[in-house]
Every structure is written in C-alpha cells, then in structure tokens.
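> How does the following fold in three dimensions:
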Amino acid sequence: MLQPRVTFWVISLFVAGVACLGYAYSTPTFDAASLGRVIWFAVIGLSGLLAVLTIPRLKSNGGLLIAIWVPTVLLRMLMLPTAPSDDVNRYLWEGRLLTEGISPYAQTANAETLIEYRDQYWAQMNHRDKLTAYPPLTEFGFAAVTMVRYDPMAFKIVFLLADLLVVAGVLKLLRQRGMFLGYVGFYAWNPLVLVAFAGEGHFDVLMLAALVWGLWAWQIGRRKMGATLLAVATGIKWITLPLLPFLLMDKDRWKILLCVISVLLVPAIYFWETLHFLIEGLLAYGGSGSFNGPVYDILFFGLDLDRRICSGVVLILFFCLVFWRWWFRRSEPLDTHILWVIGGLVVLSPTVHFWYIVWVLPFVCLRPSPGWISFSVSAGIYFMVWVRAGGDAGWSLSGPQRVLFWAPFFMCLIYELWSTRGRIVCPAKRSGKDGFSVSVIIPVYNPSSELLRALGSIESQTLAASEVILVDASDLETTRQLIAGRSMDVNLIASEKGRGQQIAAGIEAATSDWVVVLHADACLADGSMESLRAAATASSNLVGGAFGQRFTENSWALLPIEILNDLRALFTRTAFGDQIQFFHRPTAVSEQFMPAQPLMEDVESSWRVREFGEFRFLGVYGEVSASKWLRQGWRRRVRLVMSLVSRYRWARLKGRAQAERLSAKLYAEYYSGK
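Predicted coordinates:
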C-alpha cells in the first residue's frame, strides 16, 4: 500500500499532466480565445505546487533526482502539442535570411526587397513593419536551428533541451546552498515555464540556461567561465546587460572585462554595416507602446501622463534599483542581485508578457518567495487577451484582469516587507568572525528513550558537531544515567522549566559559531551539518532558520500538518521547534533571538530572526515523533495550535513585552490540552 505522501504526490502530478494535455489541446492556435486556457493554467499551477510540497521521503539523492526528472520531462512532453507562439515565425524567417547571407537588421520584414523570401512563416509573423531587436548572438542561434530543420518544432525541441539544462543548473545551485533539491519544482513544474518553452517556444530559455550556469560557475570560483556565460546570456537577450557591472568587482576584472567584450563584440562584427539598424529597432520597440506593466500602467492610465514621461520615470526607478544593488555588491551574493535586478526590470517594464515572469523563477527556487510563486496561478489571466481580442477591446487586458494578474504578487510583497520590517530589502549582516562550528542544544524534561535516538542522529553526522548541550529542567542524575555509555561527550546543564528558558541557557553556554536546537523526540537528517555549512557559506546575511520536519508515522491525518508547516516556514519565515531551528550564535546572543519564555519561543525567535536578517528554510527534513498529535487527536491539536499562535500574534502586534506575558498563560493551556 502506498504511503499517503507518495499517493498525494502521484495524484498531484497526474492532475498536472492531465491539465498540461488539456491546455495543449485547448490551444490549437497560439491565439485561441479559450477560457479553458486560464483554467488549465491555474490547475497546473496549484497541482505543481502541491507536488513540490509532497515529494516523498526517499533514502537517497539518486531516488530524489529520479522523482524530480521523470515528471519534469513528462510534463514538457505533454505540453509539446501546444501551438507555438507567432514569435517562432520570426525566429524561423530571420534564421533563414541569415543562412542566405542576408542581414535581418538591414530592413523590416515587409520590405519589397525580400518578397522572394516570403513564405507561410512570414505570413504568420507579427510586427512585420518593425525592425528586429534580437541581438547578433541570438540571430546566429536562429540560423543554426533553421539549418537543421526549417520547422517550428525544431525550435521547440531545442528550447525544451535548454529548459532541462536550466533545471540541471538550478539543482546544482540548490545543492551548493545546502537546500532541498525538490525546490527546483517551483521552476520545473510551473505552468509559466511549461507553457512558455515546451508550449509556445519562446527563446528566452537560452538566456536563462546561460545565466543559471554562469551563476553556478561564478559561485564556485570559476570567475572567467562565469563571466563568459553571463555575457552569453546578454548576447542572447539584452535584459541581463545591467548585471555585467557586478562582475567587475572581482580582482581579475580586466580579464573578465575582456571575456565579456569578446563575447558581445565578435558576433556583432559580422553585422557591422547594418548594426545601427538594431539600435533603431531597440528604440522603436521600447518606445512604441505598453501592455500590462503595473507601474507604467499606473502612470499612464492612472495619472494620465505622457508616454515619454512614463518611460522616463520607470527608467529612473530602474537605474535607482541597479545603483542600490551596486551599493551592496560586496555584502550580498550574486544571485540576490540577479533576483532584484531582473525582478525589478519585470515590474518596471512598460510591457510584461507572461513569460517575462519566468526570468526570475530559477532564482526564486533559491529564495522561495510567495509573491513570485503566486504567478503560477494568477498569470493565467494573461490569456484573456485572446478572448477580448475577438471583440471590440483589441489586444489588451481589462483593468480588473490586470488587477487579478498582479494583486497576489503585490499583496505578498507587502506582507513580506511588513513581516520582516523591511529586512528582505536590506538584511543585516551577522556579527562576529565568519567561522563554522556547531553546537547542538537539546532541551529536556523527564526525557525518555527517544532522547537516545536524537543523540544517535547527531553522532551519525559526517560533519561532527563541536559539542552537544543537554539543558535539563528535571533531575540531572536520571538524565545522566539515561545517556551513560554514549561515545560522544555530552555537556549536561540545569535550567528552570520552560523550553525558551532552556534553549536560551543552552545558547549562552555554547561556544560554537552556530547552534542547532533539536527537540528530544526529533532526529537530524543525514547531512544536516553539511547543509548548514553550505548555506552559511553561500550568504553572509544568513542568521537563522530551520531544517524541516517529517513525522516518523505515516498517516493521512499528518500529511496536511506537514504541508502547512512547510508553507508557513517557506513563505512566512516562521518555524516551529520540531522543524529543528538553527541560529548564528554571536548574532543570536547580541540580538537576543531566543526569548526566555515557556511557550512560543520558536515562533518568537523566528520573527526576531526575520526582523534582523536572512531566515532560510533549508528543507533538510529531520524526523519527529507524532505521538502527541495522534494521542490527543490531530484535529483537536491543530485547532489548539492555531488558536495559540493567532492569539500570540495579536499580542505581539502590541509589543514583545505583552506577547511574553501571554506566553505563560498559553503554556498552561497547551500542556493541559484545553
């Protein structure tokens, strides 16, 4: 009999697959005016998200990779029958021109001099009266594919392969940061990605593949290779151009600059005589109109400003954003700058097509954000343009439709800004010197044999903890007898009763750079310490977070609890204690992350972390006993926990002191079960 998690995961992916087929066959032409496209898109988004949250527990990374790659490939194959975008017609036709020795820049597609090259793809091309704006490297790519096969499916297959290359690169980056590999599903099983590349065949995926692998190379210290790939990304699509200055902070800046210039200049030499037409094409495309740009729409429709003023305002705002990221260029990793710069470009752009959102999704996998992930459902509203195009409205979205497209993103962004007190914009660096050693703190009260399992999980780590501190609020001698005979040394200290008091005492007594708080009925997953070291190395702003938890028992009743726990930790940066919290000790001490209170110390410490610096949920799932959930009845316990947390949240809005006073009362209710 399948476990509940496996069953739900398979069902989620099956629904996503059916929805992919439904979308493909409701789109016989790229401009099909079907409400079904919107519905199928949302179904893929919801089921794909559930699939990420229910990936089954597997004993090896090999099994996990199979569980990731098989649905990743299958979903793309199911999406292939979707009619390609009309943009593909331009790719084909311009690629053909280049193979004939004709520069695509020299004239518009409807020029009389090109009559002999007109064919069915030319007839279906968009904007034939405008000069092309694709970079030289992209044109060479179009020509290469066209030489192999002059057919839209050739482009879709190439883009599908590039898409799989992006997935592989994101997996590398997740491993590099010590994070759960399943987070790649936020990209791999996302309808935005599936429709944009396997479905409609947009070439942006070539840029993403170069950008993701360039980031990976840069992060592992292969700076010239990374810079070359990032320059290739710019040579494919101009949007990454603002990222190139961030590469020049390296000590080999002149070699890096040479790599970048070579990649961009060499393809351009071939088109030198007609290259000035490319500049005209870019200017014409950028200033010709707008569609679905949230900031631009407010300026243009809301304030009724002239287009030139609107364009000037968003351009100034974007330059300010880039300058702000440049100011923090040395204090934050490159992937953070990429996410902010490209994300800002999307939000500030006058025109935002649905596939523009995909530009940020590989980097959202590294820093899961509810706002960007919400587009996996809301962005389906985009396809209402074809429904409206059949009437008198022309090619546009109505005001309410644009609100539905953007509202979830901005609501989530406002929540993140509020809940972190703006620290997602400007996180503080952790204090003290950067080293890596770990103390494991276990608060205990009348411990049982489950404590021995917890200690065993610490002993089995390939990266050993520097010390283990048992903070006992009961009889020390009884606990000492229980753990007698362990091969590792355990520092046993006394504390007053109350989990927050005990953990705070353990943090104070610890001597390591990092502390991990492990409950006595929980076990660390294998490789937890290596994951924490990787995460700490990847970001100097990381000051705390959680590993994650799975119940030792398999039950349909427990699966929703695990899913809700993951959602809360991922998207609200709030972890419960059995999700195995960790903190940078010097910062935790100086900023008093851990309150000395009997209950809600886990929630409070999570909030203090996110209000100071970077909170990270690694998804390295340890195991915890579910006996208390099953013994008391899971529905009753869920209601109790939700009631306690919401009451604590309300008190916290009035101040830390009031919340701390409420903690003692909640403690009594929690352990009485009432």
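> Contacts only, for Val195.
Contacts for Val195 were tallied using C-beta atoms under 8 Å, 6 or more residues apart in numbering; they are 23, 41, 79, 82, 354-355. C-beta coordinates here come from the backbone N, C-alpha and C atoms, glycine included.
> can these go into TSV with extra columns for neighbour count, secondary structure and distance to Arg430?
Listed next are the contacts of Val195 as TSV, based on neighbours: other C-beta atoms under 10 Å; DSSP: H, G, I helix; E, B strand; the rest coil; distance: C-beta to C-beta, whole Å:
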residue	neighbour count	secondary structure	distance to Arg430
Tyr23	28	helix	45
Phe41	26	helix	41
Met79	27	helix	43
Thr82	25	coil	47
Phe354	22	helix	38
Trp355	22	helix	37
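> Same list (those residues) but as JSON lines, adding distance to Val620 and pLDDT.
Shown next, in JSON lines, are the contacts of Val195 (distance: C-beta to C-beta, whole Å; pLDDT from 0 to 100):
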{"residue": "Tyr23", "distance to Val620": "34", "pLDDT": "96"}
{"residue": "Phe41", "distance to Val620": "32", "pLDDT": "97"}
{"residue": "Met79", "distance to Val620": "31", "pLDDT": "97"}
{"residue": "Thr82", "distance to Val620": "37", "pLDDT": "96"}
{"residue": "Phe354", "distance to Val620": "33", "pLDDT": "96"}
{"residue": "Trp355", "distance to Val620": "32", "pLDDT": "96"}
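> now the residue nearest to Arg57 when sequence neighbours are not counted, what's its secondary structure?
Spatial nearest neighbour of Arg57, excluding adjacent residues (C-beta to C-beta, 6 or more residues apart in numbering): Arg550 at 5.9 Å. Classification of Arg550 using DSSP: H, G, I helix; E, B strand; the rest coil returns strand.
> I'd like to know how many residues surround Arg550.
Residues contacting Arg550 under the criterion other C-beta atoms under 10 Å number 22.
> give the contact list for Phe409.
Phe409 neighbours (C-beta under 8 Å, 6+ apart): 371-372, 374-375, 378.
> now the strands for the protein?
438-444, 467-472, 491-494, 514-517, 522-523, 542-546, 549-551, 581-584, 614-617, 622-624 (DSSP state E).
> Let's have the ones you listed in a markdown table, adding distance to Pro598 and mean pLDDT.
Output for those, formatted as a markdown table (distance: least, C-beta to C-beta, whole Å; pLDDT from 0 to 100):
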| stretch | distance to Pro598 | mean pLDDT |
| --- | --- | --- |
| strand 438-444 | 11 | 95 |
| strand 467-472 | 14 | 94 |
| strand 491-494 | 16 | 92 |
| strand 514-517 | 15 | 97 |
| strand 522-523 | 19 | 95 |
| strand 542-546 | 20 | 96 |
| strand 549-551 | 21 | 93 |
| strand 581-584 | 17 | 97 |
| strand 614-617 | 23 | 96 |
| strand 622-624 | 20 | 94 |
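> could those strands go into a markdown table alongside distance to Gln592?
Below are the strands of the chain laid out as a markdown table (distance: least, C-beta to C-beta, whole Å):
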| stretch | distance to Gln592 |
| --- | --- |
| strand 438-444 | 16 |
| strand 467-472 | 17 |
| strand 491-494 | 19 |
| strand 514-517 | 14 |
| strand 522-523 | 24 |
| strand 542-546 | 12 |
| strand 549-551 | 25 |
| strand 581-584 | 11 |
| strand 614-617 | 16 |
| strand 622-624 | 26 |
